[in-house]
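K.L.:
3D, please:
(one chain, ligands or ions: 1)
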Amino acid sequence: MNSKAVRWPESLWAAVTPAGPELPRLAGTAEADVVIIGAGFTGLSAALHLREANVDVAVVEAAEPGWGASGRNNGQVIPTLSRPDPEDIVAKHGAAGERFVALLRDSASVLFDVARRYQIQAEQEQAGWVQPVHSPGRIKIAERRVRQWSKVGAAVELLSREQVSQMLGSDAWYGGFWNRTGGHINPLALSRGLAKAVLDRGGRIFANSPATGFARQGGRWVVQTADGQISGRALIVATNAYTGEFSKSLAPDIAREVMPVLSWQMATEPLPESVWKTVIPGRQAMSDTHGELYFARYDARNRLVTGGALINPNNAAAKLKAMVGQRLQRLWPQIGAVKFDYVWNGYVGMTTDFLPRIHRLGPDAYAWTGCNGRAVALSISIGHELSKAVRGHAESELALPFTKPAPIFAHGLLRRRAMLMLMVYRRRDAREIA
Ligand SMILES: Cc1cc2nc3c(=O)[nH]c(=O)nc-3n(C[C@H](O)[C@H](O)[C@H](O)COP(=O)(O)OP(=O)(O)OC[C@H]3O[C@@H](n4cnc5c(N)ncnc54)[C@H](O)[C@@H]3O)c2cc1C
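P.N.:
Have a look, this model is predicted:
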C-alpha cells in the first residue's frame, strides 16, 4: 500500500485502529460495470451491496478508505437529520420523501446489522442516542420530534428532566428526545471493515488515485485519475463534503452545494471508573440542541470523545482544550480537570435548509452531498439505495428524493464566512425560544 503518501489526521481513530487492507493505485486503463468515486461509508456501502448482487464494481479513492468524513467523525449513529423532521421532508419531497423518512428511521439499526453481518469489529455499541434540550422552552423541539417520529413507527421517547439527568449524570438539560436504535462506533474501523468486506467479495478499490473528472463517452462513464482512467456502464460520485478537496474540476456544481464547515473533534485521556460510572453511565451517544453543538460519547477505552467549534482556527488545539475542558466541568463538575490526548477536525457539508442533496447526473449516474453532520447511519443506507439505482430499480421504489444540483450563490464568499455563523448560533443558543 502507498500508505506513506497518505497523511492521516492525528485523530484518536487513526491512532487506535488496525491498518486497512493493502490497496493498489489506478494506473493505465481499467473497466468495471459500476465505478464509484470515493471510499467513505457511501461509496463502500454501495460497493458492498453491489458485490452482494454480483455486480462488477471498482472504487476509486483519492487517499484511503475512511480518509474523508467517514474516518474522522464522532461516530454517533443517529437515525434523524440535524433539524428537518419527517413532516418537513415529506412537505419538500412528497412520496420520495416518505420513503426517505423510512430509510432514515431504520438507518441506525441497518448500520449495526451491517457490522454484525460482515463481522466488522468497529467497537460498536447500540446504547441509544439522546438529544437533550438546553433550555426549558426547547422541550418543544423534543416533543415535536417524538410526535413526528412516533407517527412513522420510530423507537423514540420523550424524556423528562429527571430521566435525562439520570441518563447523562448531569442537571444541565431540561428533558430530551431519545432513540433506542442509535449508538456509536469507531468510524475508521467501520470504514476499513467495509473496505475489507468489499475486497473479500471480489470488489476492487484503488487508493491514492484522485479522480480529476468524469465524462460520458461512447455510452459509458469515463473517470480520469492522475495516472489512469476507468470506465463503467454506471457511476456513483460518493465524495460528499470532500468533493473538490483533491480536484476542483471533479464536480464543481456539487462541491458548491454545501458549505464545508470545520468540525473539531477531541478525545480525553481514558477516564477513571469513578467518572465513567457517573458521567453518561449508560454509554449513550449524546448531541444536544445547541447550534454550537455539545456532544459526547465514550470510546472502547473510556475516553470521552467530544469536540467544539471555533471562529478563528489559529492555535486551535490550545483554545479548544481550554474551552471544551471548561464546558465539560460545567456539565459534569465531578469530571475535574480533563486532559485531552487528541484534537483533529473534518469538513461537514452544510446545506442552507439542512436537507441532503441527491442527484441523477445522467444515464445510470448518481451523487449525493449535504450530510449536515448527521449521516454516519444515513450514508450506509444511501449507499445501499444508490446500489439499487445503478442496478435499474425504478425511481418510484427508491428512497432517494432527487433534485438538480443547485450551487449556493456566491459560494466562495460564504465559504470564507461560514464560521461567522457560529456567532449567530452563540447568540441564539443563549436565548430562550418562543
Ligand atoms: C468531524 C466530523 C464529525 C462528524 N460526526 C458525525 C456523527 O457523530 N454522526 C453522524 O451521523 N455524522 C457525523 N458526521 C458526518 C458523517 O461523517 C458523514 O456524513 C459521512 O461520513 C459521509 O460519508 P461519505 O462516504 O458520504 O463521505 P466521506 O466519508 O467524506 O467520503 C468521501 C471520500 O471521497 C474521497 N474523495 C474526495 N475527492 C476525491 C477524488 N477527486 N477522487 C477520489 N476520491 C475522492 C475522499 O478522500 C473520501 O474518502 C461528521 C462529519 C465530520 C467531518
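
K.L.:
CA only for contacts and neighbour counts going forward, please
P.N.:
Fine.

K.L.:
buried residues, stretch 321-332. List them.
P.N.:
Across stretch 321-332, burial judged by 16 or more other CA atoms under 10 Å covers 321, 324-326, 328, 331-332.

K.L.:
turn the residues you listed into JSON lines, including secondary structure.
P.N.:
Below are the buried residues of stretch 321-332 laid out as JSON lines (DSSP: H, G, I helix; E, B strand; the rest coil):
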{"residue": "321", "secondary structure": "helix"}
{"residue": "324", "secondary structure": "helix"}
{"residue": "325", "secondary structure": "helix"}
{"residue": "326", "secondary structure": "helix"}
{"residue": "328", "secondary structure": "helix"}
{"residue": "331", "secondary structure": "helix"}
{"residue": "332", "secondary structure": "coil"}
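
K.L.:
of those, which is the nearest to the ligand?
P.N.:
residue 324 (15.3 Å; CA to the nearest ligand atom).

K.L.:
contacts only, for the closest one.
P.N.:
Contacts for residue 324 (CA atoms under 8 Å, 6 or more residues apart in numbering) come out as 307-308.

K.L.:
distance of it relative to residue 218?
P.N.:
To residue 218, residue 324 is 55 Å away according to CA to CA, to the nearest Å.

K.L.:
hmm, who's touching the helix or strand hosting residue 348?
P.N.:
In this structure, residue 348 sits in strand 340-350 according to DSSP states H and E. For strand 340-350, contacts defined as CA under 8 Å, 6+ apart pick out 9-12, 68-69, 72-73, 240-242, 258-269, 317, 321, 369-373.

K.L.:
report whether it contacts the ligand.
P.N.:
Yes: for strand 340-350, a contact with the ligand is found by CA under 6 Å from any ligand atom, at 345-348.

K.L.:
quick check: buried residues in that strand?
P.N.:
Buried, per 16+ other CA under 10 Å, within strand 340-350: 340, 342-350.

K.L.:
kindly report the same for stretch 275-295.
P.N.:
275-276, 278-280, 283-295.

K.L.:
show me these that map onto helices.
P.N.:
Among the buried residues of stretch 275-295, the ones falling in helices (DSSP state H) are 275-276.

K.L.:
inside strands: which ones of the buried residues of stretch 275-295?
P.N.:
If you go by DSSP state E, the buried residues of stretch 275-295 have 285-287, 295 in strands.

K.L.:
if we can go back for a sec, out of the buried residues of stretch 321-332, who's near the ligand?
P.N.:
Applying CA under 6 Å from any ligand atom to these, none is adjacent to the ligand.

K.L.:
just the closest of those to residue 358, please.
P.N.:
residue 324 (34.7 Å; CA to CA).

K.L.:
wait, doesn't residue 57 sit right on residue 30?
P.N.:
No: here residue 57 lies out of contact with residue 30, judged by CA atoms under 8 Å, at a distance of 11.2 Å.

K.L.:
and stretch 331-339, how far apart are its ends?
P.N.:
16 Å.

K.L.:
ok, which of the ones in strands among the buried residues of stretch 275-295 also contact the ligand?
P.N.:
Within those, nothing lies near the ligand by CA under 6 Å from any ligand atom.

K.L.:
looking at those residues, which one is closest to residue 34?
P.N.:
Set against residue 34, the nearest of those by CA to CA is residue 285 (35.5 Å).

K.L.:
ok, now which ones touch the closest one?
P.N.:
By CA under 8 Å, 6+ apart, the neighbours of residue 285 are 76-77, 127-130, 182-184, 295-298.

K.L.:
let's see it at 7 Å
P.N.:
Residue 285 makes contacts with 76, 128-130, 183-184, 296-297, as judged by CA atoms under 7 Å, 6 or more residues apart in numbering.

K.L.:
got the phi/psi numbers for residue 212?
P.N.:
Here is the backbone geometry of residue 212 (degrees, to the nearest 10): phi -100, psi -10.

K.L.:
hang on, I meant residue 231
P.N.:
phi -120, psi 150.

K.L.:
what about the closest residue to it other than its chain neighbours, distance to the ligand?
P.N.:
In space, and not counting its chain neighbours, residue 231 is closest to residue 222: 4.2 Å by CA to CA, 6 or more residues apart in numbering. Using CA to the nearest ligand atom, to the nearest Å, residue 222 is found at 13 Å from the ligand.

K.L.:
in the helix or strand hosting residue 222, what's buried?
P.N.:
Following DSSP H and E, one finds residue 222 within strand 220-225. Of the residues in strand 220-225, 220-225 count as buried by neighbour count, 16+ other CA under 10 Å.

K.L.:
same deal with stretch 307-318?
P.N.:
Applying 16+ other CA under 10 Å to stretch 307-318 flags 307-310, 317 as buried.

K.L.:
the strands in the stretch 151-300 of the chain, which residues?
P.N.:
156-159, 176-179, 183-184, 204-206, 211-217, 220-225, 228-237, 259-268, 285-287, 295-298 (DSSP state E, counting those that start in this stretch).

K.L.:
residue 215 contacts residue 221, doesn't it?
P.N.:
Yes: contact criterion CA atoms under 7 Å: residue 215 and residue 221 qualify, at 5.7 Å.

K.L.:
phi, psi for residue 76 please.
P.N.:
phi -80, psi 130.

K.L.:
so what's the spatially closest residue to it that is not a sequence neighbour bridging to?
P.N.:
Closest residue to residue 76 in three dimensions, ignoring its sequence neighbours and counting by CA to CA, 6+ apart: residue 184, at 4.5 Å. Beta bridges link residue 184 to residue 76, residue 125 when assigned by DSSP bridges.
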